[in-house]
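> Model the following, please.
(chains A and B)
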Amino acid sequence: MNNHLRTLRAERGWSQQDLAQLLEVSRQSVNAIETGRYDPSLPLAFRIAELFGCAIEDIFISPSKG
Amino acid sequence: MAFPPEMKRYTRRLIATMALYGVALVGANMWFHYAPPSGLLAYFVAILPALPIMGVFVVIGRLLLEMRDEYVKMLLVRQSLVATGLTLSITTAWGFLEGFHLAPHAQGYYAATIWFAGLGVGGCVNAILERRARA
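Here you go, the predicted model:
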């Protein structure tokens, strides 16, 4: 699934490792989500959205719209 | 997440089960060699080395349950599915070859060996798929 995760992370000056630590996942996971190779579960998507202070749909682009 | 706690627990459990396997295998072989047991005891002693191997499957299952990183868990599930598919395919094919007297009899416990080798193949499949997706 396409998303704005890389942009949001870059805006905050975080590395993938920083974001991985904040989300308590591996850097590998952050990379897979950013590149659209892996769609996170709803709980993880919520954690990501809460961390960036936005709604899930502001980060992840709906496949029907993207 | 340098080395997550569930991976540390997995490593400890795996080392313990493999150590038990070594003891059980040597013990059962020595028992049958020097004082062959009979009756029910023989069955019990013969199955002793299999128990830690069953334990390894439990250890891997627990790792899957305890793993918090869902993406890495998905990779491990895929790796295990490759191993399972490979094991079932090889043992089924071998069974037919054996049935038509085209292959010698193979001990059933080789299924576990194939499965563990299959995990290695699964790891390679993961690496290839990941590399292809990144390209």
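> Next, the buried residues of the helix or strand hosting B:Gly122.
Assigned by DSSP states H and E, B:Gly122 falls within helix B:110-134. Buried residues in helix B:110-134, defined by neighbour count with 16 or more other Cβ atoms under 10 Å in any protein chain shown: B:Ile114, B:Trp115, B:Gly118, B:Leu119, B:Gly122, B:Gly123, B:Val125, B:Asn126, B:Glu130. No exception for glycine: its C-beta is placed from N, CA and C like everyone else's.
> Kindly report the same for stretch B:61-79.
For stretch B:61-79, using 16+ other Cβ under 10 Å, the buried residues are B:Leu63, B:Met67, B:Asp69, B:Glu70, B:Tyr71, B:Val72, B:Lys73, B:Met74, B:Leu75, B:Leu76, B:Gln79.
> would you turn those residues into a markdown table with secondary structure, pLDDT and distance to A:Phe46?
What follows is those, written out as a markdown table (DSSP: H, G, I helix; E, B strand; the rest coil; pLDDT from 0 to 100; distance: Cβ to Cβ, whole Å):
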| residue | secondary structure | pLDDT | distance to A:Phe46 |
| --- | --- | --- | --- |
| B:Leu63 | helix | 97 | 25 |
| B:Met67 | coil | 94 | 19 |
| B:Asp69 | coil | 94 | 16 |
| B:Glu70 | helix | 95 | 13 |
| B:Tyr71 | helix | 95 | 16 |
| B:Val72 | helix | 94 | 19 |
| B:Lys73 | helix | 96 | 18 |
| B:Met74 | helix | 96 | 18 |
| B:Leu75 | helix | 96 | 22 |
| B:Leu76 | helix | 96 | 23 |
| B:Gln79 | helix | 97 | 28 |
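> ok, and of the residues you listed, which contact chain A?
Taking Cβ under 8 Å from any Cβ of the partner chain as the test, chain A is in contact with B:Asp69, B:Glu70, B:Tyr71, B:Val72, B:Met74 out of the buried residues of stretch B:61-79.
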